[in-house]
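Colleague: Provided below for reference: sequence and predicted model.
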Amino acid sequence: MSALADSIITGPMFFQAIPAEKAAALIFVPGLGWLEWVEVAGTGAFKGYRTLRCGALEFGTTTVPRSYEADLVGGLASKTAQASLWAWAQQNGHVVVAAAWTAREFKFADVDDTYFRLPDLRNVGTRFTGTNADTAGVRGIGSFQADALQNITGSFKRSASSGGLVENNPATVTGAFGLGTGATPGPSADSGAYVPVIFDASRVARTATETRHANTAFAPRINI
């Protein structure tokens, strides 16, 4: 009888814990879900069961990680307890030496023989790979890009003869520039009065203490 026929008759194989030996190509473990048998040689060599979504990012909506999740807050993970995730990270080129690890990049650090460090993705948003608009270069998976502000411009008119503003008239300034209130005596007796020109980006853009996109916050997690 075929393997498919056997599985139809007997149903899927359920285990309360992950077996060390291969029992079937696909098994189910409560708390982890479906796991597949994997045998990989070379970089990230691994032989055993791992979840079908191992390495997938999760938008955490619970106060603590679910049984199949791990927090991406830069903590340490066991190379034994999380062997499948550690192998997956190596197989996909996401591992760096400990000295090169930095927060906000999707990189795992090889700490020592016992532990590896998980990425820290707090306080950053996600973006699909593509072309960097500033450099025309390719964005690599897991790379970090700092925040940036789209250019804000404005102008004001000045007198060609005196170097001052043409007049105390709001029409002479545009964009992020504006006129102050009233006239202020000049620095010397013969320079006359002047009106200050003020630069304020909030005249043309929403402003805050950081540059950010509109967002909703979730806990950064990974499927183990």
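Modeller: Structure's in. What do you need?
Colleague: Could you double-check that residue 22 lies in contact with residue 38?
Modeller: No. Using Cβ atoms under 8 Å as the test, residue 22 is too far from residue 38 to be in contact (10.0 Å). Every residue, glycine included, has its C-beta placed from N, CA and C.
Colleague: Phi first, then psi, for residue 127.
Modeller: As for residue 127, its main-chain torsions (degrees, to the nearest 10) stand at phi -150, psi 140.
Colleague: just residue 91 next, same as before
Modeller: Residue torsions, per degrees, to the nearest 10, at residue 91 are phi -60, psi -30.
Colleague: Quick check: it touching residue 43?
Modeller: Yes. Residue 91 is within contact range of residue 43, at 6.2 Å (criterion: Cβ under 8 Å).
Colleague: Specify which residue of the two has the higher count of neighbours.
Modeller: residue 91 (17 against 11; other Cβ atoms under 10 Å).
Colleague: so who does the closest residue to that one other than its chain neighbours touch?
Modeller: What sits nearest to residue 91 in space, not counting adjacent residues and going by Cβ to Cβ, 6 or more residues apart in numbering, is residue 44, at 3.6 Å. Shown in contact with residue 44 (Cβ atoms under 8 Å, 6 or more residues apart in numbering): 86-92.
Colleague: In helices, which of the residues you listed appear?
Modeller: 86-91 (DSSP state H).
Colleague: looking at those, which has the most residues close by?
Modeller: In the ones in helices among the contacts of residue 44, the most neighbours by other Cβ under 10 Å go to residue 89, 27 neighbours.
Colleague: That one contacts residue 116, doesn't it?
Modeller: Yes. Between residue 89 and residue 116 there is a contact under Cβ under 8 Å: 7.4 Å.
Colleague: Residues that sit against both of the two, list them.
Modeller: Joint contacts of residue 89 and residue 116 (Cβ under 8 Å, 6+ apart) are 95, 108.
Colleague: Is it correct that residue 125 is in contact with residue 213?
Modeller: Yes. Contact criterion Cβ under 8 Å: residue 125 and residue 213 qualify, at 6.2 Å.
Colleague: Between the two, tell me which one has more neighbours.
Modeller: Between residue 125 and residue 213, counted using other Cβ under 10 Å, the more crowded position is residue 125 (12 against 7).
Colleague: Just the pLDDT for that one.
Modeller: According to the prediction, residue 125 has pLDDT 86.
Colleague: So in the chain, which strand runs the longest?
Modeller: strand 33-40 (DSSP state E).
Colleague: Now do the next helix or strand after it against strand 33-40, angle only.
Modeller: Taking DSSP states H and E as the definition, the helix or strand that follows strand 33-40 towards the C-terminus is strand 46-51. Going by axes from the mean of the first three to the mean of the last three Cα atoms, to 10 degrees, strand 46-51 is angled at 160 degrees with respect to strand 33-40.
Colleague: Touching strand 46-51 from outside, list them.
Modeller: 18-20, 27, 29, 32-40, 68, 83-85, 87-88, 91, 223-224.
Colleague: and those residues, which are buried?
Modeller: Among the contacts of strand 46-51, those buried by neighbour count (16 or more other Cβ atoms under 10 Å) are 19, 27, 29, 32, 35, 37-38, 68, 84-85, 87-88, 91, 223-224.
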